[in-house]
Structure formats: structure tokens, C-alpha cells
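**Student:** Quick one, what's the 3D model for this:
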Amino acid sequence: MAKKQKKATPERVPTKHQLSKWQRQMRIRRIVIIAAVVFLVGISSWVGYEYYKDYKSDPLFQVVIKVNDVSFTMEYYVNLLDGYTAGMNSTDLYYMGDTIANDVAKDMIKTEVLRQGAENLGIEVTPEEIDAKLEEVGLPDDEVYRYMAKGVLLQEKLDEYFGSQLPDTMEQAHVEAMPVESQEVATELIAEIEAGGNFTALAKEFSCSSSIEGDLGWLPRELMPNTMIAGAAFNLIPGEISQPIYDETATKNIGYWLIEVTDKHDEEINALVMLLGSEAEAERVKAQLAAGGNFSALAGNYSQHESKTKGGKLDGLKLGDMGSNAFDQVAFNITVNEISEPVKDESVHTTGGYWLVEVIDRGDHELEEAVRKELIDKHFDDSLEDWKGNSIIENLLDAGKRAWAINKVLAGR
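**Tutor:** Residues are numbered from 1 along each chain as shown. All right, here's what the predicted structure looks like:
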């Protein structure tokens, strides 16, 4: 006999009153949820803003150096400064700190310019290479030493790159050169050399520069000491000596004083002085004085001493004030109102002189190791200057910020 089926319970339909109540409850729930979310977002935003405000106001997090799109914070700078001065006592750091702090900033800029320039050449320093360098020299693995190692590795890789661009041989000239004080001296030396005198020996005696006195060896044009020597080296016939070549920019380790003491009392003198670039020029000016020329006016026109702006007048001079024994020996013994003979002084520097150049040989020549190294250094320096010139560099480290960084370092010791 079939079971009697259970009669289905009819579905309850909410009344209008119940539906309205549920809708009100849902709206309240949504409002509560939205309010809670808004509150939490507001709290988070406030906390974030306060953190950001503190971050922005903390000097350690301020950008102090920018090289193109790369920025460095004060914290990074302070760490480097601390590392660079690790062996320095606090007193020395306090008094020498600004100079060192400035040098560290310059080094940061240089290293970053090199990094970016090298990157454009496809040259990079990897973290693994830095690890290996630190292990090689036995330094700890921290930020400062990693930075230093990176700079060393960049230099090595760039030297290798520029060296690879050099040929084995290139056009060079083998020259001898010397700067002399005047055309008169140069003319006398040419006559002596043509009569059989030795250029190198004469250069050691008459050269006005300790860095250039005779045989320069084989050099390419770009390593010649200046354009005057380069021009003669690559235009003269081998075996030929140049005529005197005037160079207004030449710096000489010699000068000649003309001195007139106007008053003496106790151990002090008042004097009129002028410093000339050669004995011949000093003789010409002395002749003008003897003919009635005004000392102050001539000093203003010809003297290379800073006193020329006052017509050569120096009052209250004591022994040693000029830093020249040659000057003192004459000035403190000369008769008042008497103009001295030209006083030779090798403790001063004057500008303007004449070059003599002799070409021994010229042609394609193998690059000697020292010359190759000089070329690499020159290409490195030239590239660095070029990269700097094409970079946007901002050094925001003024004296105040450098002082702050020094004090931060000192406080941590």
C-alpha cells in the first residue's frame, strides 16, 4: 500500500513590514562598515603622513648629491665620511673636517660619473667582483669599503678599456726642449748649439723650468708639454733647431727685482719695487728710470708683483717679509733713493718666456710603456671631464650641511 505523501509546507513570504525592517538593517550595516573603513583609512593616512613628514624633516634622509637621475642621501654621505676618517682622531677631524668632507663629496660625484660613463661603454662592476676585491685586499664587507672597491675596479676596467683602444705604434717625435727667460738668451743659446754646444747640457743650465730641461724622449703630439713644442716637433725637419718661440703663458722659476729704498728707520724700510720676467727686461726698465721715468708708473706697467697696483710701494718691510733672501740682501743694504741693479731671484715665479726646440727624429714609433700609461691616463681624464660636462650634477652640501655631517660622525665615536 503506497505511503501517503507529506503535504509541502507553503513558502513564507515576508510582509511589507518585515521587508522594510530588513532593508533598514542592511543600510545601517553598510553605513557602519563604510564608516569603519573610512576611519581605518584615515588613521592609516595620518600615520603615513606623520611618518612621511618625519622622514622628510630628518636630515639623514635628505638628498645631498645628485648625478643625473641618481641621488645620494645624507645618511649615505655620513657613512662614507665616517669610513674615510676612521683612523683620524676627533680633534683633527674637527679642525680639518670641512676640507675632508668636501673631498668626500667630490669623490662621490667622480665615482658616480665614472660609473655612468663606464656603463655607457658597456663596462660594469658586479657585486661578485666587489666581493672578490674585498677578499683580495682583506677588507670587511660593509657599505664604505664596497664603495671604495667599486671605485678602484672602475678605474682598472676603464684603464684596460682605454689601453685596448691604443695602437702598438703611432706617429711620434723625439725632441729636446727648454724654456728660457728672454729672446736674448735664446738667441745666444742657438748660436752656441750651432757651434757644437750640447743642447741637453745647456738646457740643464739655462732652463727656467725644473720639469722641462732637455730630452723629452719620443712623444705623440697629444703628450707634448704644450702647443708651442708640439707645433715645432711636428713641423721642423729632424736635426733642426727652432727660432725662439714666445709663450706668454710660460711660467718661469726666475725673476729680477728693481728696488728703490725711500726710507730706513730701525729695522724697517719703505721701498718701491718691481719684479720683471727677465734680466734683459729689467735692464730696459732701469734705463727708462735713468732717463727720468717714474718708478711707480713703470711698476704699474711692467711689474709682475702684486704691489704693482700700488705703484710698487711697500712700507714697513722687515727682514723676511718678502720670503726672498736675494731681495733682502739688496733691499736692506742699498743706499736710500738709489735704484738697484737687476736682482736675480730664483725663489719667485714670473710668466712669459721663449722656447727652444730641437727635433732629433720623427716618425712611426713603438709606444713605450711609460708613454702608453700617460696616454691611458690622459684619455681617462679627458673622458671624465667630458662625462662631467654632459652630466647634471647637484652638490647640495653647503658648509652648514658638511658641518652637520661632521658632528654626526663625531657623535658616533
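**Student:** can you give me the strands in the stretch 201-350 of the chain?
**Tutor:** Secondary structure of the stretch 201-350 of the chain (DSSP state E, counting those that start in this stretch): strands located at 214-219, 245-252, 255-265, 268-276, 313-317, 343-345, 350-366.
**Student:** Give the buried residues for stretch 270-290.
**Tutor:** Neighbour-count burial for stretch 270-290, counted by 16 or more other CB atoms under 10 Å, picks out 270-282, 285-286. (C-beta placed from N, C-alpha, C; glycine too.)
**Student:** whoops, stretch 133-142 was the one
**Tutor:** 133, 134.
**Student:** now what about it, what contacts it?
**Tutor:** Stretch 133-142 is contacted from outside by 83, 131, 145, 146, 148, 149, 152, 153, using CB atoms under 8 Å, 6 or more residues apart in numbering.
**Student:** just the buried members of those residues?
**Tutor:** Buried among the contacts of stretch 133-142 (16+ other CB under 10 Å): 83, 145, 146, 148, 149, 153.
**Student:** Using JSON lines, lay out those residues together with distance to residue 99.
**Tutor:** Shown next, in JSON lines, are the buried ones among the contacts of stretch 133-142 (distance: CB to CB, whole Å):
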{"residue": "83", "distance to residue 99": "17"}
{"residue": "145", "distance to residue 99": "22"}
{"residue": "146", "distance to residue 99": "25"}
{"residue": "148", "distance to residue 99": "19"}
{"residue": "149", "distance to residue 99": "24"}
{"residue": "153", "distance to residue 99": "27"}
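**Student:** will you turn these into a markdown table that also has pLDDT?
**Tutor:** Output for the buried ones among the contacts of stretch 133-142, formatted as a markdown table (pLDDT from 0 to 100):
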| residue | pLDDT |
| --- | --- |
| 83 | 89 |
| 145 | 89 |
| 146 | 92 |
| 148 | 88 |
| 149 | 93 |
| 153 | 95 |
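**Student:** and the gap between the residue most central in space within the chain and residue 397?
**Tutor:** The chain has residue 106 as the residue nearest its centroid, 8.1 Å off, counting by CA atoms, centre = their mean. With distances taken as CB to CB, to the nearest Å, residue 106 is found 10 Å from residue 397.
**Student:** Just the CA coordinates for the helix or strand hosting residue 128, please, in PDB.
**Tutor:** Per DSSP states H and E: residue 128 is located in helix 127-137. Provided in PDB are the C-alpha atoms of helix 127-137 (Å, rounded to 0.1, in the frame of the first residue of the first chain):
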ATOM      1  CA  PRO A 127      78.700  42.700  -6.800                       C
ATOM      2  CA  GLU A 128      80.700  39.500  -7.200                       C
ATOM      3  CA  GLU A 129      83.700  41.400  -8.400                       C
ATOM      4  CA  ILE A 130      83.400  43.800  -5.400                       C
ATOM      5  CA  ASP A 131      83.300  40.700  -3.100                       C
ATOM      6  CA  ALA A 132      86.400  39.300  -4.700                       C
ATOM      7  CA  LYS A 133      88.300  42.600  -4.400                       C
ATOM      8  CA  LEU A 134      87.400  43.000  -0.700                       C
ATOM      9  CA  GLU A 135      88.600  39.400  -0.100                       C
ATOM     10  CA  GLU A 136      91.800  40.100  -2.100                       C
ATOM     11  CA  VAL A 137      92.700  43.100   0.000                       C
END
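**Student:** In the buried residues of stretch 270-290, find the pair that's most separated.
**Tutor:** Maximum pairwise distance among those (CB to CB): 28.6 Å, between 270 and 280.
**Student:** and this protein, what are its domains?
**Tutor:** Domain ranges of the chain: 64-164+381-411, 169-252+353-366, 255-348, per automatic domain parsing.
**Student:** how far is the shortest one from where the chain is centred?
**Tutor:** When C-alpha coordinates are averaged (CA atoms, centre = their mean, to the nearest Å), domain 255-348 and its chain have centres 36 Å apart.
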